[in-house]
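**Q** Please find the sequence and the predicted model below.
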Amino acid sequence: MSMKLYVGSLSWSTTEDALRRAFESHGSVQDVTLVTDRDTGRSRGFGFVTFADEEHARSAMATMNGTELDGRSISVSQAEERTRTPRFGSDSRGSQNNNKRNSNRGGGGRW
C-alpha cells in the first residue's frame, strides 16, 4: 500500500527532480509534489513524496529526517490528510446575505 510523506524546511531552490533523487534510493517513488505559491510560483518550502510501499516510506522517513538537502536540514514525517474547509466567500452566500447590514437598499420616501 502506498504512503505519502511530508517534507518540510526545503530550500526555495529545491526542485521536484532533486527531491525525487534524494528519496528514490529508499524505494519506488510514485509521485513528488513541490508546493508553490499560486501567485508568485515560488516554492513554499515544503512538498510531498509518495512511495509505492509503506515499508520503504517508513525507512525513508527514519533515514531522511534531519538530513541536509540543498543546504537545509529537512524534516520528514507521515503526511496527514488535509481537512477541507470552505474558503472565505465560497459556498456560504446564504449565510453571508442574512446579516442586517445594508438590508435597507432604499425605496420609500425621499424625506
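**A** Here it is on my side, so go on. Numbers count the residues shown, from 1 in each chain.

**Q** just checking, what packs against the lengthiest helix in the chain?
**A** Ranked by residue count, the top helix of the chain under DSSP state H comes out as helix 54-64. Packing partners of helix 54-64 (3 or more CB pairs under 8 Å, 6 or more residues apart in numbering; DSSP states H and E): strand 3-8, helix 16-23, strand 43-51, strand 75-78. For every residue, glycine as well, the C-beta is placed using N, CA and C.

**Q** Let's have the ones you listed in JSON lines, adding mean neighbour count and mean pLDDT.
**A** Conversion of these to JSON lines gives the following (neighbours: other CB atoms under 10 Å; pLDDT from 0 to 100):
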{"stretch": "strand 3-8", "mean neighbour count": "20", "mean pLDDT": "99"}
{"stretch": "helix 16-23", "mean neighbour count": "17", "mean pLDDT": "98"}
{"stretch": "strand 43-51", "mean neighbour count": "19", "mean pLDDT": "98"}
{"stretch": "strand 75-78", "mean neighbour count": "15", "mean pLDDT": "99"}
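
**Q** Out of these, which gets nearest to residue 30?
**A** Relative to residue 30, the nearest member of the helices and strands packed on helix 54-64 by CB to CB is strand 43-51, separated by 4.5 Å.

**Q** Name every strand pairing with the closest one and say which way it goes.
**A** When pairing is defined by DSSP bridges, strand 43-51 lines up against strand 3-8 (antiparallel), strand 29-36 (antiparallel).
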